[in-house]
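Colleague: generate a structure from the sequence data that follows.
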Amino acid sequence: MPEHNYSSQYFEHLEKGYYPFSYLRDKVIIHFVKKLIPKGKKILELGCGTGRFITQLENDYVGYGIDISPYAIAEAKKRTRKVTFSNTTIEECDRFSIQFDGVIAINVIEHLKDPEVILKKINTILKQGGFLFIHMPTASNRLSKFLLNRFYKDETHIFIPSLLELNSILSQCGFSLICQRSGTFIFLPISSTKLLEITPPYFAILLSQR
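Modeller: Model prediction:
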């Protein structure tokens with residue numbers, strides 16, 4: 001990840017300006033997780049922040065969360081004792097001695113300097129046939145780039161691929177695509193390539209093919 005102070009101010013800004021609009025998106029992702037992964041299985045959230053997402057799964061799964069921010073992990077631990085939280089980098093995710101049935105990366109991949117390296121590491125900690133859920137911005141044409149710069153600009157975003165580039169990287173890292181949707185209209189069962197290319201937020205479910 002780039003050098004950045006993921007401090008209390010960073011997360012307080014998200015709490016006020018971003019999280020209120022992510023409620024529906026999170027519920028849709030949770031629906032997919034529960035549909036694909038049986039209860040009681042192990043799930044890891046990368047870049048879990050203050051634990052808002054993973055704690056919604058704590059009663060059905062054995063949850064884990066990691067984040068680079070000491071502040072975020074301290075806040076996450078205040079939410080629950082059912083989820084195991086660790087203050088560590090995503091680059092160290094392959095240090096887990098266990099394997100997961102699902103890995104969730106919501107608005108994480110775009111922060112990575114070497115996404116291919118991390119995606120390959122993610123594959124090593126997933127069980128064969130395990131699922132990766134990602135939500136991130138893409139920029140495939142002029143319109144999506146304009147919308148990205150107008151509504152989703154963030155100095156910590158250093159990896160913004162086109163849809164074609166992202167799908168190619170995911171395939172090279174050992175993942176096969178199960179489902180993809182516009183992250184803006186994630187609640188609609190529409191996977192039109194044209195829609196995916198013009199709306200920057202992107203959501204996908206992938207299967208580990210190790």
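Colleague: spit out the contact partners of Thr55.
Modeller: By C-beta atoms under 8 Å, 6 or more residues apart in numbering, the residues touching Thr55 are 63, 76, 79-80, 82-83. Bear in mind the C-beta positions are built from the backbone N, C-alpha and C, glycine included.
Colleague: ok, it to Leu132 distance?
Modeller: Distance of Thr55 to Leu132, computed by C-beta to C-beta, to the nearest Å: 20 Å.
Colleague: just how off-centre is the longest strand belonging to the chain within its chain?
Modeller: Of all the elements of type strand in the chain, the one with the most residues (DSSP state E) is strand 126-137. Strand 126-137 has its C-alpha centroid displaced from the chain centroid by 9 Å (C-alpha atoms, centre = their mean, to the nearest Å).
Colleague: next: stretch 181-195.
Modeller: With C-alpha atoms, centre = their mean, you get 17 Å for stretch 181-195.
Colleague: likewise stretch 197-206?
Modeller: 12 Å.
Colleague: cool, and stretch 33-42?
Modeller: 17 Å.
Colleague: in the protein, which spans are helices?
Modeller: 8-17, 23-36, 70-79, 115-125, 142-151, 163-172, 193-198 (DSSP state H).
Colleague: thinking again about what came up before, which one of the contacts of Thr55 is nearest Ser182?
Modeller: Among the contacts of Thr55, Gly63 lies closest to Ser182 (C-beta to C-beta), at 27.2 Å.
Colleague: was I right about that closest one contacting Lys41?
Modeller: No: contact status for Gly63 versus Lys41: not in contact, 10.1 Å apart, counting by C-beta atoms under 8 Å.
Colleague: ok, the two, which is more surrounded?
Modeller: Gly63 (24 against 17; other C-beta atoms under 10 Å).
Colleague: bridging residues for the more buried one?
Modeller: Following DSSP bridges, Gly63 is listed with bridge partners Ile43.
Colleague: confidence score at it?
Modeller: Per-residue pLDDT puts Gly63 at 98.
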